[in-house]
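Asks: Sequence first, predicted model second:
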Amino acid sequence: MTTNLTNAGDVSTEGVEIDFVVQPNARLRLNGGVTFANAQIDNFDCSVANAVNLDCSNRSGEDLQFSPKVKGFVATEYLIPRPWANIIIASSMSFQSEMYAGGSENQDTRIAGHTLVNMSLALSLHDDAYRATLFVNNLFDEAYYTFKNGNIGRLARDGHLYTGVKLRARF
C-alpha cells in the first residue's frame with residue numbers, strides 16, 4: 001500500500017500559535033509554545049489519475065498528511081553561578097497529538113501522539129566560551145513513529161532513551 005499524496009489540489013491551514021518566555025529572576029528561565037492547527041484537503045484533484053485510468057480516492061475533507069492538531073513544548077533552564085563557573089540545569093518536554101501518514105480515513109496510517117522529556121546538566125566556563133553538558137534525551141524511553149502504514153513503520157531516530165556528553169568551545 002502506498003500513501004503518496006502527489007497533488008492535493010486545494011488545501012487550507014488555520015489555527016493559532018502561542019509562544020512564551022518567562023524569566024522570573026536572573027537564574028530561572030521558562031519558555032515554550034503550543035500550536036493548535038487544522039490542516040485539511042479542501043478539494044482533492046483526481047483529474048490526472050482519471051485521465052490515465054488510475055484509481056483515485058477523493059480525499060476532500062480529510063486531514064492533510066503529517067499534520068498533528070496539537071504540538072508544543074515547554075523548557076526550563078536554571079543557572080547556579082559559582083566563582084569559577086556556571087552550572088546549568090535544564091529540562092524540556094515536547095508533545096504532539098496523533099497524525100496520519102496517509103488519508104485520515106485510513107487507520108493503518110495513524111501515527112500515535114507522543115511526549116518526549118529531555119534533561120541536562122552543564123558546566124559553563126569563561127563566560128560560556130567553554131561548555132561541557134551531560135544529557136539524557138527521551139528520558140522515559142518512548143518509542144514513536146515518523147511514518148506508519150499497517151504493520152510497517154519507521155521509528156524515529158531519537159525514539160529511544162539515549163545519553164551523552166557534549167563539549168563546546170567558542171573562539
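Replies: Perfect, I can see it now.
Asks: tell me the mean pLDDT for stretch 133-151?
Replies: Here the mean pLDDT over stretch 133-151 is 92, rounded to a whole number.
Asks: first vs last residue of that stretch, how far apart are they?
Replies: As for stretch 133-151, its first-to-last residue distance stands at 38 Å under the measure C-alpha to C-alpha, to the nearest Å.
Asks: Next, the buried residues of it.
Replies: Neighbour-count burial for stretch 133-151 flags Thr133, Asn137, Asn138, Tyr144, Tyr145, Phe147, Lys148, Asn149 (criterion: 16 or more other C-beta atoms under 10 Å). Yep, even glycine has a C-beta here, placed from its N, CA and C like the rest.
Asks: what do you get for stretch 147-164?
Replies: For stretch 147-164, the neighbour count (16+ other C-beta under 10 Å) marks Phe147, Lys148, Asn149, Gly153, Ala156, Gly159 as buried.
Asks: Tell me who's in contact with the last one.
Replies: The reference is to Gly159. With contacts defined as C-beta atoms under 8 Å, 6 or more residues apart in numbering, the neighbours of Gly159 are Asn138, Glu142, Ala143, Tyr144, Tyr145.
Asks: roughly how far apart are the spatially closest residue to Tyr130 that is not a sequence neighbour and Ser120?
Replies: Leaving out its chain neighbours, the residue that sits closest to Tyr130 by C-beta to C-beta, 6 or more residues apart in numbering is Ala169, at 5.3 Å. Between Ala169 and Ser120 the distance is 18 Å, computed by C-beta to C-beta, to the nearest Å.
Asks: elements contacting the host helix or strand of Leu116?
Replies: With elements taken from DSSP states H and E, the one containing Leu116 is strand 114-125. Applying 3 or more C-beta pairs under 8 Å, 6 or more residues apart in numbering; DSSP states H and E, one finds that strand 114-125 makes contact with strand 86-96, strand 130-137.
Asks: so which of the ones you listed gets nearest Leu54?
Replies: Across these, Leu54 has its closest neighbour in strand 86-96 (33.0 Å, C-beta to C-beta).
Asks: For this protein, which segments count as helices?
Replies: Per DSSP state H, the chain has helices spanning 47-51. These are given in chain order.
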